[in-house]
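Peer 1: show me the folded form of this:
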Amino acid sequence: MVALNTPLTAAEPTIIVRRQDRDELAASVNLKTFRQVRDLHVVLESGRVTLRGRSESYYVKQLATHAVQELLPGAAIDNAISVQR
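Peer 2: You can find the predicted model right below:
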């Protein structure tokens, strides 16, 4: 499980990352989006989660964001999934 620590003075949460955490986030996105994000890559660095890949709709892109928010409430998320119809 991804650990989320919020320091008292920091504006953004600190995310403790392991490979298992990244895999868990990717599995959650795949489950929530019914595997509709192609070439999904989850990048965790500098306290941010970045999602990359391709989707056919903005709805699926939004579902991917919600999947991460469920595991990491309050985390900074950059959703760089491109929508290609």
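
Peer 1: so residue 82 touches residue 54, yeah?
Peer 2: Yes: assessed by Cβ atoms under 8 Å, residue 82 is found in contact with residue 54 at 5.4 Å. In this view, the C-beta of every residue, glycine as well, is placed from N, C-alpha and C.

Peer 1: of these two, give the one with the bigger neighbour count.
Peer 2: residue 54 (15 against 11; other Cβ atoms under 10 Å).

Peer 1: separation between the more buried one and residue 21?
Peer 2: 23 Å (Cβ to Cβ, to the nearest Å).

Peer 1: quick check: closest non-adjacent residue to residue 80.
Peer 2: residue 52 (4.9 Å; Cβ to Cβ, 6 or more residues apart in numbering).

Peer 1: now do stretch 47-59, average pLDDT.
Peer 2: The average of the pLDDT scores along stretch 47-59 is 96.

Peer 1: so which bits of it are buried?
Peer 2: The neighbour-count check on stretch 47-59 (16 or more other Cβ atoms under 10 Å) flags 49, 50, 51, 53, 55 as buried.
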